[in-house]
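Q: What would the 3D arrangement of this be:
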Amino acid sequence: MAWFGLFLAGLFEVAWAIGLKYTEGFTRLWPSIGTLAAMIASIGLLGLAMKTLPVGTAYAVWVGVGALGTAIFGIFLFDESANMGRLGSLGLIMLGIIGLKLATPG
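A: Model (predicted):
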């Protein structure tokens, strides 16, 4: 259950990272409210996952899921670069997340 919560925390991290783009410096009300709600949910779920999982593993996976998801959404939503070097690096992040999951009990 902790791993599911951690993955969900990472998805909320993606939501708030992408949401920041739409807040325009927190000058737009509804995007700002949604972004702040996603931040709270992300940190809350990360904290719950850390009750069971090692702090280093939980934080690394949270950041990895957030970075990977944000980069992928950036490619599709904001027409960011999708060159082979970038995609390969994102693949390495994914391998790191999978490796941490396989190497960590819980």
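Q: buried sites along the longest helix seen in the chain?
A: Secondary structure of the chain per DSSP state H: the longest helix is helix 55-78. Judged by neighbour count using 16 or more other CB atoms under 10 Å, the buried positions of helix 55-78 are 57-58, 60-62, 64-71, 73-74. Any C-beta I mention is one placed from the backbone N, CA and C, and that applies to glycine too.
Q: Next one: the residue nearest the centre of the chain from residue 82, what distance?
A: The chain has residue 66 as the residue nearest its centroid, 1.7 Å off, counting by CA atoms, centre = their mean. From residue 66 across to residue 82, the span is 19 Å (CB to CB, to the nearest Å).
Q: quick revisit: what's the closest of the buried residues of helix 55-78 to residue 31?
A: residue 73 (14.7 Å; CB to CB).
Q: Now the closest one. Nearest residue, chain neighbours left out?
A: residue 18 (5.3 Å; CB to CB, 6 or more residues apart in numbering).
Q: doesn't residue 77 make contact with the one you found?
A: Yes: when contacts are counted by CB atoms under 8 Å, residue 18 is listed as touching residue 77 (6.9 Å).
Q: sorry, back to before: contacts for the longest helix of the chain, please.
A: 2, 6-7, 9-11, 13-14, 17-18, 21, 42, 46, 49-50, 80-82, 86, 90, 93-94, 96-97, 100-101, 104 (CB atoms under 8 Å, 6 or more residues apart in numbering).
Q: ok, of those residues, which come out buried?
A: 2, 6-7, 9-11, 13-14, 17-18, 42, 46, 49-50, 90, 93, 97, 100, 104.
Q: do you know how far residue 47 is from residue 57?
A: Residue 47 is 14 Å from residue 57, by CB to CB.
Q: just residue 29 next, same as before
A: 37 Å.
Q: same thing with residue 80?
A: From residue 80 to residue 57 the distance is 29 Å (CB to CB).
Q: ditto for residue 32
A: 32 Å.
Q: same thing with residue 4?
A: On the measure of CB to CB, residue 4 and residue 57 end up 15 Å apart.
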